[in-house]
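Asks: Kindly return the folded structure for what I paste below:
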Amino acid sequence: MSDTINSEIRFNIELDENRVPEKLTWSAQDGGVQAEEAKAIMLSIWDSKAKETMRIDLWTKDMPVDEMKIFFHQTLVAMSDTFKRATDDEKMSDTMKDFCDYFAEKLELTK
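Replies: Below is the predicted model of the structure:
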């Protein structure tokens, strides 16, 4: 018998009367994170039975647009890195990174 380990990541979303997020916090005990505030969350979950991705995209109403653009750019860069590690497809990962560079340039994120 193998010993299994359970780990939990928890999100808490405070909503206004219109169910719009006002405050997002997250905790991950194994990572030493306890009720850390966030302005946005993008979570993708793979449903292998339906062969589709389920998503949860949340951001607080006070998330600045300029920060949202940076958040998207950094998420795209991270996705290209994850794609490389998961598939070992360096050519496509490099193509994705080229798009990330283009994205940053068009949004004038590069200094």
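Asks: quick one: the residue nearest the centre of the chain from E67, how far?
Replies: The centre of the chain sits closest to M42, judged by Cα atoms, centre = their mean, with a distance of 3.9 Å. If you measure M42 against E67 using Cβ to Cβ, to the nearest Å, the figure is 13 Å. Bear in mind the C-beta positions are built from the backbone N, C-alpha and C, glycine included.
Asks: can you check K84 too?
Replies: 26 Å.
Asks: Repeat that for G31.
Replies: Going from G31 to E67 by Cβ to Cβ gives 22 Å.
Asks: Select the longest helix from this structure.
Replies: helix 65-87 (DSSP state H).
Asks: Which secondary structure elements does the very next helix or strand once past that one sit against?
Replies: With elements assigned by DSSP states H and E, the helix or strand that comes after helix 65-87 is helix 90-106. Packed against helix 90-106 by the contact rule (3 or more Cβ pairs under 8 Å, 6 or more residues apart in numbering; DSSP states H and E) you find helix 65-87.
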